[in-house]
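> let's see this in three dimensions:
(2 chains)
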There are 2 protein chains.
Amino acid sequence: MSTYTAVTAPTQFVEANGIRFAYRRWGKRSGLPLVFNHHLNGNLDNWDPAVFDSLAKEREVIIFNNAGVASSTGEVPTTVAGMAENAEAFIDALGLTPIDLLGFSMGGMVAQQITLDRPELIRKLIGTAPRGFDAGNGQGHITPETAAIFAATHNPPENLWLKGFFTDSTKSQEAGRAYLKRYLSRTENRDAPVKDKVAPAQIAAIGQWGTVKGERFAYLKNIKQPALVVSGNHDVIIYPVNALHLVRNMPNAKLIVYPDANHGSWYENYEDSVFETNRFLNSE
Amino acid sequence: MSTYTAVTAPTQFVEANGIRFAYRRWGKRSGLPLVFNHHLNGNLDNWDPAVFDSLAKEREVIIFNNAGVASSTGEVPTTVAGMAENAEAFIDALGLTPIDLLGFSMGGMVAQQITLDRPELIRKLIGTAPRGFDAGNGQGHITPETAAIFAATHNPPENLWLKGFFTDSTKSQEAGRAYLKRYLSRTENRDAPVKDKVAPAQIAAIGQWGTVKGERFAYLKNIKQPALVVSGNHDVIIYPVNALHLVRNMPNAKLIVYPDANHGSWYENYEDSVFETNRFLNSE
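Numbers count the residues shown, from 1 in each chain, chains lettered A, B, ... in the order given. The predicted model follows:
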């Protein structure tokens, strides 16, 4: 068992599909590794260390930058399918099979696509955001709240996550500041920042994923893996009704919705969400 | 600690508000008792013994027939407010304060009303079905599926619950038959059957509860207690979107939705739902 933590795990690199993928890998080598797919504009540093340091006691966790993001080379695809293909190349390059897969926000879309592409590779899935999801007024399948949060100036810049991941309540904002402190707690060997050209490509991919072809949500019946969906009751980035769409259309998905919680509900409730994640992954 | 089980707990009686209430009370006398409010056409026997026999290891459980139901005297009120008033008289007659409160289906409506009437009496709430809930085509706020299930002939009669509480999948129907077996396992001192005149009054009360006056769901902000909401992803009696309405409008409510599950999701998943219930009630 490695003694690394989210703050000390070294950044490693592996080459596949012509891309040099940056990743970190640590935790107890027991059972299946859990591979994480990241959200819009996320790099290796802004996952929540609190989540990992609890999860890593029971399993190996693997985070990576997909193609074109931060310290990984290559171009950001403008489709979720393209992102999934690159993620699969990364997973294959590490020789992992089978794995458990977690996707957060845009990463949840990628995780679903990986599961559809390679069902034999994925044992269990934790994810978000169905294809054809509800996004309010249809602004390219980014909610009006997302557009406003990303258009605003935040000082310091990381305060963007206070608005996007937490509600306006005193309690939630306090949890948000605690998250920011954790996310900034890695001082050495931080990841490269995410370049400005990344978000537009990722937003294009999200928009394409949001577009329904054929029967809405029909594809979800093909995700037969046990799945866990987590949402905040006031998620303004991916409205919680989408979590309900997921579990109504996937054959075997359990849903948990947290109170007074926005898009970062699992960070805000990390003790409970890690407990539920371990319970879900450890069940027969 | 009593050694009774769901199958052996004696039926007792207490008088209040001019009504002789039938009830059963057993389990570990530790912490707060958990009082259960029943669904349409339910009596003391058709709660799931498996749920109680696990819950009763950690806490006292109390089930009762509200006024006019089965072995309780009096008339069934045609409003949820009237049912709540009677339930409060029952709770007061036993001298219970404070308590945890669970309501299933119509009982969830009653439980919400009790919590609004007597906030100091209720520590935590487990429940369902907001006022003004979505019921599809608006047939008096009974869903079309509910109407069809109650209108059909079931042979034996208890097979009604196979349709109302479980999905059509092989796995769920199997769980349903196991539930029926448990619910019929009490052979001595069974409760009186529910008379035919009960359901019409209860349906009138549900219809009145379903009618929105003023801003929809606004009343839920006044239920400040920690709450747990449980639903099935294919609940045809109370559509799962109503569970989302609850947790989006209550200040402090967590939601769990089970896969391949109908209105009896917490019976079908009794091991998990009892685990979650205990965890919720035991948390600080």
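> pull the contacting residues for the residue most central in space within chain A.
Per C-alpha atoms, centre = their mean, the C-alpha nearest to the average position across chain A is that of A:Phe104, at 2.2 Å. Going by C-beta atoms under 8 Å, 6 or more residues apart in numbering or on different chains, A:Phe104 touches A:36-39, A:42, A:128, A:266. All C-beta spots, glycine's among them, are computed from the backbone N, C-alpha and C.
> in a helix, A:Glu276, correct?
Yes: counting by DSSP: H, G, I helix; E, B strand; the rest coil, A:Glu276 is part of a helix.
> which SS state does whatever residue of the stretch 1-150 of chain A ends up closest to chain B fall under?
Closest residue of the stretch 1-150 of chain A to chain B, C-beta to the nearest C-beta: A:Asp134 (11.8 Å). What three-state DSSP gives for A:Asp134 is coil.
> re earlier: and the residue nearest to the centre of chain A, how far from A:Lys28?
With distances taken as C-beta to C-beta, to the nearest Å, A:Phe104 is found 22 Å from A:Lys28.
> re earlier: doesn't A:Ala243 make contact with the residue of the stretch 1-150 of chain A closest to chain B?
No: with contact defined as C-beta atoms under 8 Å, A:Asp134 does not reach A:Ala243; the gap is 10.5 Å.
> who has more neighbours out of those two?
Remark: of A:Asp134 and A:Ala243, A:Ala243 carries more neighbours, 30 against 16, as counted by other C-beta atoms under 10 Å in any protein chain shown.
> residue contacts, that one?
A:Ala243 makes contacts with A:128, A:229-231, A:235, A:255, A:257, as judged by C-beta under 8 Å, 6+ apart.
> can we see that at 10 Å?
Each residue near A:Ala243 by C-beta atoms under 10 Å, 6 or more residues apart in numbering or on different chains is listed here: A:108, A:127-130, A:133, A:229-233, A:235, A:253, A:255-257, A:265, B:244, B:255, B:257.
> got it, and A:Thr8?
With C-beta under 10 Å, 6+ apart, A:Thr8 has these contacts: A:2, A:24, A:26, A:186, A:188-189.
> same question for A:Leu55.
Applying C-beta under 10 Å, 6+ apart to A:Leu55 gives the contacts A:6, A:27-28, A:34, A:36, A:61, A:102, A:270, A:273-274, A:277-278, A:281.
> for the residue of chain A most remote from its centre, pull up the helix or strand it's in.
Distance from the C-alpha centroid of chain A, by C-alpha atoms, centre = their mean, peaks at A:Gly214 (26.2 Å). According to DSSP states H and E, A:Gly214 maps onto no helix or strand at all.
> next, the buried residues of stretch A:31-44.
Neighbour-count burial for stretch A:31-44, counted by 16 or more other C-beta atoms under 10 Å in any protein chain shown, picks out A:32-44.
> ditto for stretch A:155-165
Applying 16+ other C-beta under 10 Å to stretch A:155-165 flags A:160-165 as buried.
> using CSV, please lay out the residues you listed together with pLDDT, distance to chain B and secondary structure.
CSV is the format used below for the buried residues of stretch A:155-165 (pLDDT from 0 to 100; distance: C-beta to the nearest C-beta, whole Å; DSSP: H, G, I helix; E, B strand; the rest coil):
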residue, pLDDT, distance to chain B, secondary structure
A:Leu160, 94, 24, helix
A:Trp161, 95, 22, helix
A:Leu162, 96, 20, helix
A:Lys163, 96, 19, helix
A:Gly164, 96, 18, helix
A:Phe165, 98, 18, helix
